[in-house]
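*Asks:* quick one, structure for this:
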Amino acid sequence: MWNGDGLKIPTVNNFRDIGAHLNLSAAPNGKTLTDRMLKAIVMAKRLRWFTIPQQFKEKIVKANILPAGLYGVESSWVNKATLNSLRAAIANALGPRSARASNDIVFTSTSCAGDLHPETYVISQRVQSIRRIIAKFPSKRSNIQEIVSRYLDSNCKQANVDNPVGPVGLLMHSMDLMGARVTKDLRIVRDNEADIDILNMPWQHLKKATIELAASKRSANASDQRTHLHGVKEIDSQIVKKVVHSLGEKEKRVYNHIASGAAWSEGHLQEIDINKDGKCTHCGEVVHDITHVLWNCPVVNKHRKVDELKHVDPQSVPRYIKHGVLAAMSANIDKCFWGDPISNSNEQSCADTLKAIGMPASKGAKVIASCKNQEVLDTLKECKIDHNASNARQAFQQIKANKQKPHLAMPYRCTRPPPVLRSMYTLMAVGSTPCINTLAWGGLVSGGQVETQAFSKGSAQLRKSSPIAKCFPMGSCSTPP
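*Replies:* Residues are numbered from 1 along each chain as shown. Purely as a prediction, here's the structure:
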């Protein structure tokens, strides 16, 4: 009650402020953001039925749906159920229309430069907001570090990562879901990964590093949820995007069906009583999954345009590779590209198979690979990096982030005296007789004499106007003063 006239002042514990939603209670509440995500879900469902190319749909999601639906996410609590609905709506608009499809693979196999996953967008925006606050208000750096310290202190009851408050707490909550943590000096730390320095990392690399962190976590989730992705620790998203970008519109849809697991084989159709015998329509063999048509069917295999794949033993290739999902390259040089050892029955595979999967075939190649692999292992051991738990990207990023002495081999310093003739280095590179007229204009020598090669009329006039040629006319001393 304000006065005796009955005037009342309303009190609220959460309300919209400009573009964000302020919450003053202990319960998580982000109604403004939830309303925005519901509108974005409607937009994504409409986008699904648009008859436009796939690349235009991806641009609409990147430039319109995600910024509009997740505006103010840096300081607002995100409703998990609504965020999952937005994720499913975008995946249905971009990916195949099948209940068997893996949404994580759908987001990985997009051709646009950025990542269209809503959770990745949330993490990226929250990391950049902290960097932006400190850049505009340097005095707030100590306040942010104090908040991080309180969240890291298990004895502080007011700061709980599971029930965060404010931009700093929401960032730490997001990183906790990714299997990472934020240190007091504002560095994002994760096992077997190079640290992400929020304050000092260049802007153009900060967003990319944050997206890679979320994408690797998404790959691990997809491996646990789909049988055909079992064993994938990390997907090389950059290579996948490069390959998908080079495909046509129809080929992109075919690849998305195969990679995401949305394609139905005769064996799957037999399980739902659509196909009676479950046999291949080309060769008549019993089909268990889609990899039979892609790799094992002899009728289809003879029509391959890439001859190198005709002689590859399918048993030496993991199942996820057969589905077109490219795992991150292994740090072990003497093994295949993905690091998984092949079975003993296939160790004597033909040279084409070994070359295709990255295994050294000849004895000399095996010795060279073993020596190089030992050199890499010694470097990783020196930097205290677990080579068994790190792939090539993780290992070399940690080596580059190491503050000790450089580990890359540098060229030897030349200590020999320079030659007497000024043009000696150039002569060693181009040979005894320069074949380009411009070299002769500069006074290059050939066997102790200036090059006397015949010039065209235009070249001769141009040579006469050259200042160097005026100093050293043809037939003069070959050694400039």
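*Asks:* and Val182, what pLDDT?
*Replies:* pLDDT for Val182: 91.
*Asks:* which ones are touching it?
*Replies:* 148, 171-172, 175, 188-189, 198 (CB atoms under 8 Å, 6 or more residues apart in numbering). Using the backbone N, CA and C atoms, a C-beta is placed for each residue, glycine as well.
*Asks:* could you measure from it over to Ala215?
*Replies:* 19 Å (CB to CB, to the nearest Å).
*Asks:* buried set for stretch 178-186?
*Replies:* For stretch 178-186, the neighbour count (16 or more other CB atoms under 10 Å) marks 178, 180-182, 186 as buried.
*Asks:* the domain parsing of the protein - what is it?
*Replies:* Domains of the chain are assigned by automatic domain parsing as 12-262, 263-401, 424-471.
*Asks:* assign a three-state SS to the nearest residue to Leu47 once chain neighbours are set aside, would you?
*Replies:* In space, and not counting its chain neighbours, Leu47 is closest to Ala93: 4.5 Å by CB to CB, 6 or more residues apart in numbering. Three-state assignment for Ala93 (DSSP: H, G, I helix; E, B strand; the rest coil): helix.
*Asks:* quick check, pLDDT for Ala93.
*Replies:* In this model, Ala93 carries a pLDDT of 92.
*Asks:* what about it, how many neighbours?
*Replies:* By other CB atoms under 10 Å, 24 other residues sit near Ala93.
*Asks:* would you check that it makes contact with Ala44?
*Replies:* Yes - shown here, Ala93 and Ala44 form a contact pair, counting by CB atoms under 8 Å, at 5.1 Å.
*Asks:* what touches both of these two?
*Replies:* Residues touching both Ala93 and Ala44 by CB under 8 Å, 6+ apart: Val61.
*Asks:* if we can go back for a sec, same list (the domains of the chain) but as TSV, adding distance to Gly6.
*Replies:* Formatted as TSV, these follow (distance: least, CB to CB, whole Å):
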stretch	distance to Gly6
domain 12-262	20
domain 263-401	66
domain 424-471	96
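*Asks:* among those domains, which gets the worst mean confidence?
*Replies:* domain 424-471 (a mean of 47).
*Asks:* need the winner for burial among the domains of the chain.
*Replies:* Stretch with highest mean neighbour count among the domains of the chain: domain 12-262 (a mean of 17; mean count of other CB atoms under 10 Å).
*Asks:* for the longest helix anywhere in the chain, name the packing helices and strands.
*Replies:* Counting by DSSP state H, the longest helix found in the chain is helix 203-225. Helix 203-225 sits against helix 103-108, helix 118-136, strand 196-197, with contacts defined as 3 or more CB pairs under 8 Å, 6 or more residues apart in numbering; DSSP states H and E.
*Asks:* relative orientation of the second one and helix 203-225 in degrees?
*Replies:* Interaxial angle, helix 118-136 versus helix 203-225 (axes from the mean of the first three to the mean of the last three CA atoms, to 10 degrees): 150 degrees.
*Asks:* quick one, phi psi at Asn23?
*Replies:* Backbone torsions for Asn23, taken as degrees, to the nearest 10, come to phi -130, psi 120.
*Asks:* so how far is Val127 from it?
*Replies:* Distance, Asn23 to Val127, using CB to CB: 21 Å.
*Asks:* next SSE downstream of the longest helix of the chain?
*Replies:* Note on helix 203-225: by DSSP states H and E, the next helix or strand toward the C-terminus is helix 237-245.
*Asks:* what packs against the next helix or strand after that following helix?
*Replies:* Note on helix 237-245: by DSSP H and E, the next helix or strand toward the C-terminus is helix 249-259. Contact analysis of helix 249-259 by 3+ CB pairs under 8 Å, 6+ apart lists helix 54-60 as its packing neighbours.
*Asks:* which helices and strands sit right next to whichever helix or strand comes after the helix it packs on?
*Replies:* The first helix or strand that comes after helix 54-60 along the chain, using DSSP H and E, is helix 66-69. Helix 66-69 is packed against helix 31-48, helix 118-136, with contacts defined by 3+ CB pairs under 8 Å, 6+ apart.
*Asks:* so how far is the shortest one from its chain's centroid?
*Replies:* What it means is helix 31-48. Relative to its chain's centre, helix 31-48 lies at 27 Å (CA atoms, centre = their mean, to the nearest Å).
*Asks:* same thing with stretch 167-181?
*Replies:* A distance of 21 Å separates the centroid of the chain from that of stretch 167-181, by CA atoms, centre = their mean.
*Asks:* residues making contact with it?
*Replies:* Residues outside stretch 167-181 that contact it (CB under 8 Å, 6+ apart) are 74-77, 122-123, 126-127, 129-130, 133, 144, 147-148, 151, 159, 161-162, 164, 182, 188-191, 193, 213-214, 217.
*Asks:* ok, now with 6 Å
*Replies:* In this structure, residues lying in contact with stretch 167-181 by CB atoms under 6 Å, 6 or more residues apart in numbering are 74-75, 123, 126, 129, 144, 147, 151, 161, 164, 182, 188-190, 217.
*Asks:* before we move on, back to that, Thr415: which of the domains of the chain is closest?
*Replies:* Closest approach to Thr415 among the domains of the chain (CB to CB): domain 424-471, 15.8 Å.
*Asks:* thinking again about what came up before, and the buried residues of stretch 178-186, which is closest to Ala327?
*Replies:* For the buried residues of stretch 178-186, the nearest to Ala327 is Met178 (19.8 Å; CB to CB).
*Asks:* show me the helices in the stretch 251-400 of the chain, by range?
*Replies:* 266-271, 291, 298-301, 319-322, 351-356, 363-382, 392-401 (DSSP state H, counting those that start in this stretch).
*Asks:* in CSV, list those along with distance to Ser109.
*Replies:* Shown next, in CSV, are the helices of the stretch 251-400 of the chain (distance: least, CB to CB, whole Å):
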stretch, distance to Ser109
helix 266-271, 21
helix 291, 18
helix 298-301, 22
helix 319-322, 13
helix 351-356, 22
helix 363-382, 30
helix 392-401, 19
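*Asks:* how about these, which one is nearest Leu247?
*Replies:* Smallest distance to Leu247 across the helices of the stretch 251-400 of the chain (CB to CB): 17.6 Å, for helix 319-322.
*Asks:* let's verify Leu22: helix, strand, or coil?
*Replies:* Three-state call for Leu22 (three-state DSSP): strand.
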